[in-house]
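Participant: next come a sequence and a model predicted from it.
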Amino acid sequence: MIEVKKLIKVYNDVPVVNIPELSINRGETIGLVGNNGAGKTTLFRMILDLIRAERGEVLSKGENVAHSETWKNYTASYLDEGFLIDYLTPEEYFYFIASLSGLSKAHTDAELEKYNDFFNGEILNKKKYIRDLSKGNQCKVGVVSCLLQEPEILMLDEPFANIDPSTQIRLKNMLRQINQEKNMTTIISSHDLNHVTDICQRILLMEKGKIIKDIQTDSNTKEELEEYFSVMQ
Ligand SMILES: Nc1ncnc2c1ncn2[C@@H]1O[C@H](COP(=O)(O)OP(=O)(O)OP(=O)(O)O)[C@@H](O)[C@H]1O
């Protein structure tokens, strides 16, 4: 579904992403882990054509993301608050995003009902602009706006970082359920080894721009990763 070929991104003469080859299959849940500066967000940004590589390419369903717009119809992502529109309320933003996928206001309202627990009474009908929400609540808006689009590919950059433990658990359950029901391809970066090993079938470990481990998650994966990171300190 996504193929990365000979991808190199350089900042200040230093390669910050260097991936000769990577294939991500339809329906896989991928956890991207690695210490600060390992290159996770830079890789995300190249997959989304937000920045261009010095060399190599990213293909989505066989099409180079830098030369095609088609992938945007089935890909949803939330990397940071920059993906939101500050001067809208969450409702206005959801209606706007849903309208891009041709969803009516009534349909969107019905979909939003499903996220009542996840929102925990802090998002809808609060008469607040997105810019005035806490970081965690902004993250909730970003994640739900992705899910409203029913994407084939979902990319979330550190979605667990600012949300409370109840929301983390709800998010994990939501992602598990959607993956089972819709066979969505999900790529999640996180520093939380518990969460990623909990929900991701496959873990990619990045170090200095390279993918140094590509692991099918099993009962030993968390310990394996903890050992790697404890030696790194
Ligand atoms: N616009 C930029 N200009 C210069 N260097 C950059 C730029 N963007 C990223 N970098 C560098 O690229 C490297 C990888 O950064 P990136 O944000 O991808 O890492 P990360 O794995 O997402 O880190 P974190 O876990 O801290 O979010 C870092 O050394 C970072 O300083």
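Facilitator: Done, it's in. Numbering: from 1, shown residues only.
Participant: contacts, neighbours, all on C-alpha from now
Facilitator: Fine.
Participant: what sits against residue 84?
Facilitator: Shown in contact with residue 84 (Cα atoms under 8 Å, 6 or more residues apart in numbering): 93, 130, 142.
Participant: hmm, try it at 10 Å
Facilitator: Residue 84 makes contact with 78, 90, 93, 130, 131, 138, 139, 141, 142, 145 under the criterion Cα atoms under 10 Å, 6 or more residues apart in numbering.
Participant: can you check residue 53 too?
Facilitator: The neighbours of residue 53, taking Cα under 10 Å, 6+ apart as the test, are 6-10, 17-18, 42-43, 45-47, 66.
Participant: cool, and residue 181?
Facilitator: Residue 181 neighbours (Cα under 10 Å, 6+ apart): residue 175.
Participant: do the one 5 residues further on as well
Facilitator: With Cα under 10 Å, 6+ apart as the criterion, the residues that contact residue 186 are 24-31, 75-77, 151-156, 175, 178-179, 200.
Participant: in a helix, it, correct?
Facilitator: No. Read with DSSP: H, G, I helix; E, B strand; the rest coil, residue 186 is strand and lies in no helix.
Participant: what bridges to it?
Facilitator: Under the criterion DSSP bridges, residue 186 forms beta bridges with residue 29, residue 154.
Participant: any idea how far it lies from residue 6?
Facilitator: Distance, residue 186 to residue 6, by Cα to Cα, to the nearest Å: 22 Å.
Participant: how about residue 105?
Facilitator: Distance from residue 105 to residue 6, by Cα to Cα: 43 Å.
Participant: list phi and psi for the spatially most central residue of the chain.
Facilitator: Central residue of the chain (Cα atoms, centre = their mean): residue 156, 1.4 Å from the mean position. Residue 156 adopts backbone torsions of phi -130, psi 130, taken as degrees, to the nearest 10.
Participant: ok, it - contacts?
Facilitator: Counted by Cα under 10 Å, 6+ apart, residue 156 has contacts 31, 41, 44, 76-80, 139, 142-143, 146, 186-190.
Participant: again with residue 87
Facilitator: Residue 87 sits next to 93, 128, 129, 130, 131, 132 when contact means Cα under 10 Å, 6+ apart.
Participant: quick one, domains of the protein?
Facilitator: For the chain, automatic domain parsing gives the domain ranges 1-74+153-233, 81-150.
Participant: not counting sequence-adjacent ones, nearest residue to residue 97?
Facilitator: Leaving aside its sequence neighbours, residue 97 sits nearest to residue 145 (Cα to Cα, 6 or more residues apart in numbering; 6.6 Å).
Participant: just the pLDDT for that neighbour.
Facilitator: Residue 145 is assigned 97 on the pLDDT scale.
Participant: contact partners for it?
Facilitator: 76-78, 84, 90, 93-98, 112, 139.
Participant: the longest helix in this structure is where?
Facilitator: helix 165-182 (DSSP state H).
Participant: re the thing from before, buried subset of the contacts of residue 186, written for PyMOL?
Facilitator: Of these, the buried ones can be selected in PyMOL as follows, counting by 16 or more other Cα atoms under 10 Å:
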select buried, resi 24+27+28+29+30+31+75+76+77+151+152+153+154+155+156+175+178+179+200
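Participant: now the buried members of the contacts of residue 53.
Facilitator: Judged by 16+ other Cα under 10 Å, buried ones among the contacts of residue 53: 7, 8, 9, 17, 18, 42, 43, 46, 47, 66.
Participant: among these, which are located in strands?
Facilitator: Among those, DSSP state E puts 7, 8, 9, 17, 18 in strands.
Participant: next one, pLDDT for the nearest residue to residue 163 once chain neighbours are set aside please.
Facilitator: Among residues not flanking residue 163 along the chain, residue 136 sits closest, at 4.6 Å (Cα to Cα, 6+ apart). For residue 136, the model assigns a pLDDT of 96.
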